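*Asks:* Please find the sequence and the predicted model below.
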Amino acid sequence: MNRILTSQHDTNLVYASFDNHKMADFNPYILKSTDVGKTWTSLKGTLSTNGPILAIAEDHMNNNLLFVGTEFGVYFTIEGGRKWIQLKAGLPTIAVREIAIQKRENDLVLVTYGRGFYILDDYSPLRSIFPVRDAMMYIQATPLGSSNKATHGESFYTASNPPFGATLTYYLREVLETKKEIRQEAEKEAEKKNHTIKYPTWDELKAEDEKETPTILITITDDSEHVIRKLNGTNLKGINRITRKLRYPQKSIVFLLQLQILNPLISLYQMEKR
């Protein structure tokens, strides 16, 4: 047995995980009991058949949101174990041995084997995919010294704070691909099946080059539906995040551009008037 976890929501609910890799069995074994261990049901669901369960964590707000650390990363479910989704977001393919939840900030802390630990800031969007949380506006403190460690020296560990502003979370089931990428994937599939690969014509190659790259554009409006900001998001499969710094576009730049356009027109007008 690797882990046993009692629920925070139900005194009769308990989770347990088992590791049988020493018998050449790498299946994930995670079980749930709703009667204090008298009977058990499997929560394997859609978990990969290759990767023993090394750690379990239960969300303190939603008992259907579970996290498991496996030999090859971390997975989560919002359906009580029926369907599992791998949580990457910058996490390498590594064994996740321990999982802890910082309840006040809703941070997910992962301890890995050989690569230190990772923190996912504010995982609360996973609870209902995706709620809106109020953004905090404050004045950021000026770092003390160039290393931001003051007098503690380099042995004093610090990590970067979450980005300042309103963080927007969105999910992409698939990456938005260019025409060229779609063609190349079709060629790879044809090669796997030993089918004849159709070579594109010059016109088709030209159309690929002229086609704009797909872009995720996030538009932010105020209560009156006026556009106040447009941001370019990341085009990555899975969960993406972008932070708006709670500022309007700099009017000084727009004003300078207007001056650069108006100055020649004013000069031309004065010359014609003379």
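*Replies:* Nice, I can see it.
*Asks:* which residues of the stretch 1-150 of the chain fall in helices?
*Replies:* Taking DSSP state H, counting those that start in this stretch as the criterion, the stretch 1-150 of the chain carries its helices at 125-128.
*Asks:* where do the strands sit along it?
*Replies:* Applying DSSP state E, counting those that start in this stretch to the stretch 1-150 of the chain gives strands spanning 3-6, 14-18, 29-33, 41-42, 53-58, 66-70, 73-77, 85-87, 96-102, 107-112, 117-120.
*Asks:* Mean pLDDT and distance to residue 203 for those - can I get that in a markdown table?
*Replies:* C-betas here are computed from N, CA, C, even on glycine. Below are these laid out as a markdown table (pLDDT from 0 to 100; distance: least, Cβ to Cβ, whole Å):
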| stretch | mean pLDDT | distance to residue 203 |
| --- | --- | --- |
| strand 3-6 | 92 | 59 |
| strand 14-18 | 94 | 57 |
| strand 29-33 | 95 | 54 |
| strand 41-42 | 94 | 55 |
| strand 53-58 | 94 | 53 |
| strand 66-70 | 95 | 48 |
| strand 73-77 | 93 | 44 |
| strand 85-87 | 88 | 40 |
| strand 96-102 | 94 | 50 |
| strand 107-112 | 93 | 50 |
| strand 117-120 | 90 | 46 |
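*Asks:* from those strands, which stretch is densest packed?
*Replies:* Most buried of the strands of the stretch 1-150 of the chain, by mean neighbour count (mean count of other Cβ atoms under 10 Å): strand 66-70, with a mean of 25.
*Asks:* partners of it, with directions?
*Replies:* strand 53-58 (antiparallel), strand 73-77 (antiparallel) (DSSP bridges).
*Asks:* between the ones you listed, which one is nearest to residue 238?
*Replies:* Nearest to residue 238, of all the strands paired with strand 66-70, is strand 73-77, at 11.7 Å by Cβ to Cβ.
*Asks:* tally of neighbours for the closest residue in space to residue 127 that isn't next to it in sequence?
*Replies:* Excluding its sequence neighbours, the residue lying closest to residue 127 (Cβ to Cβ, 6 or more residues apart in numbering) is residue 62, at 4.8 Å. Neighbour count for residue 62, taken as other Cβ atoms under 10 Å: 15.
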